[in-house]
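**Student:** sequence? don't have it. structure:
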């Protein structure tokens, strides 16, 4: 699908790793970069499973509201 100077099929192909960014126009690259940045901010299924396993086993580490290092307790329900 194209709209104006943008070929959304090509942008989707680059996002899927089927084409390289050098094969799209600067305008398409701008749209690709915005979408790529959005997608990279969303966890994938493997990432979700990885962190769920860490929560289940109590391997989480973080900071409390005072900036102190805290360790998570095992959470079998996670």
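**Tutor:** It's in. Everything numeric in this text was worked out from a predicted model, so none of it was measured.
**Student:** burial count for residue 5?
**Tutor:** Applying other C-beta atoms under 10 Å, we find 9 residues neighbouring residue 5. All C-beta spots, glycine's among them, are computed from the backbone N, C-alpha and C.
**Student:** quick check: chain neighbours aside, which residue is closest to it?
**Tutor:** residue 27 (5.0 Å; C-beta to C-beta, 6 or more residues apart in numbering).
**Student:** quick check: which element contains the one you found?
**Tutor:** helix 26-40 (DSSP states H and E).
**Student:** what does that helix contact?
**Tutor:** 5-7, 10-11, 14-15, 21, 24 (C-beta atoms under 8 Å, 6 or more residues apart in numbering).
**Student:** try stretch 10-20
**Tutor:** Contact with stretch 10-20 is made by 21, 23-24, 28, 31-32, 35-36, 39, as judged by C-beta under 8 Å, 6+ apart.
**Student:** repeat for stretch 55-64
**Tutor:** Against stretch 55-64 from outside (C-beta under 8 Å, 6+ apart): 54, 69-76, 78.
**Student:** so for it, mean pLDDT?
**Tutor:** The pLDDT scores in stretch 55-64 average 90.
**Student:** which of the contacts of helix 26-40 tops the neighbour count?
**Tutor:** For these, neighbours tallied by other C-beta under 10 Å; top is residue 11, 24 neighbours.
**Student:** how close does that one sit to residue 78?
**Tutor:** Between residue 11 and residue 78 the distance is 36 Å, computed by C-beta to C-beta, to the nearest Å.
**Student:** with residue 54 instead?
**Tutor:** Residue 54 sits 9 Å away from residue 78, going by C-beta to C-beta.
**Student:** ok, residue 34 next?
**Tutor:** Applying C-beta to C-beta to residue 34 and residue 78 gives a distance of 33 Å.
**Student:** of the two, who's got more company?
**Tutor:** It is residue 78, of residue 34 and residue 78, that has more neighbours when counted by other C-beta under 10 Å, with 14 against 11.
**Student:** not counting sequence-adjacent ones, nearest residue to that one?
**Tutor:** Closest to residue 78 by C-beta to C-beta, 6+ apart is residue 55, at 3.7 Å.
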